[in-house]
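Engineer: give me coordinates for this.
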Amino acid sequence: MTSHLNKKNKPRIIDVSKKKISSRSAIAQGMVKFSEKIFNKIERMQTKKGEITTVAIIAGIMGAKKTSELIPLCHNINIENVEINIKTNKKKFSLIVEVKIFSSGKTGVEMEALTAVSVSCLTIYDMCKSMDKSISINHIKLVSKRGGKSDFN
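Structural biologist: Residues are numbered from 1 along each chain as shown. Here you go, the predicted structure:
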């Protein structure tokens, strides 16, 4: 098993120099939950900060690109594509953020997908917090990954 610790138990970045380049992808998801009143305002685009989903998508893309600067032992990878979709869940008064990341490289893109979801959700929170402090960010998770040693669903 590869470790982020060297033989002296000091942190290190994992050596991927001997790995083969392969196609990699990851899907991550998160949810931002609102009160019914605030959710309805968001749906009618009556927030003071305007249309929040476009800003959240841009923030998520930026987050994916900056992952190796935020997560100390994460490799800096070449991201080839980022797709972010934000859907409403009317029954749960929430926005669901889903991120798909694609790359060809020697290491996976799970952290980039999870970071993008987190930054998108935080951006939504930031743009709506003046209306309601009880907004919650929930269920940030890896949905699937492809490429490398193993796939995950």
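
Engineer: residue boundaries of the helices in this structure?
Structural biologist: 36-43, 52-65, 67-70, 110-128 (DSSP state H).

Engineer: now do the first one: which elements does it pack against?
Structural biologist: Which is helix 36-43. If you count contacts as 3 or more Cβ pairs under 8 Å, 6 or more residues apart in numbering; DSSP states H and E, helix 36-43 packs onto no helix or strand. Backbone N, C-alpha and C define where each C-beta goes, glycine included.

Engineer: what pLDDT, on average, does it get?
Structural biologist: The pLDDT scores in helix 36-43 average 89.

Engineer: please point out which parts of it sit buried.
Structural biologist: For helix 36-43, burial by neighbour count (16 or more other Cβ atoms under 10 Å) applies to Ile38, Phe39, Lys41, Ile42.

Engineer: the lowest-mean-pLDDT helix or strand in the chain to helix 52-65, inter-axis angle?
Structural biologist: The helix or strand of the chain with the poorest confidence is helix 36-43; it has a mean of 89 (mean pLDDT, DSSP states H and E). Per axes from the mean of the first three to the mean of the last three Cα atoms, to 10 degrees, the angle that helix 36-43 makes with helix 52-65 is 90 degrees.
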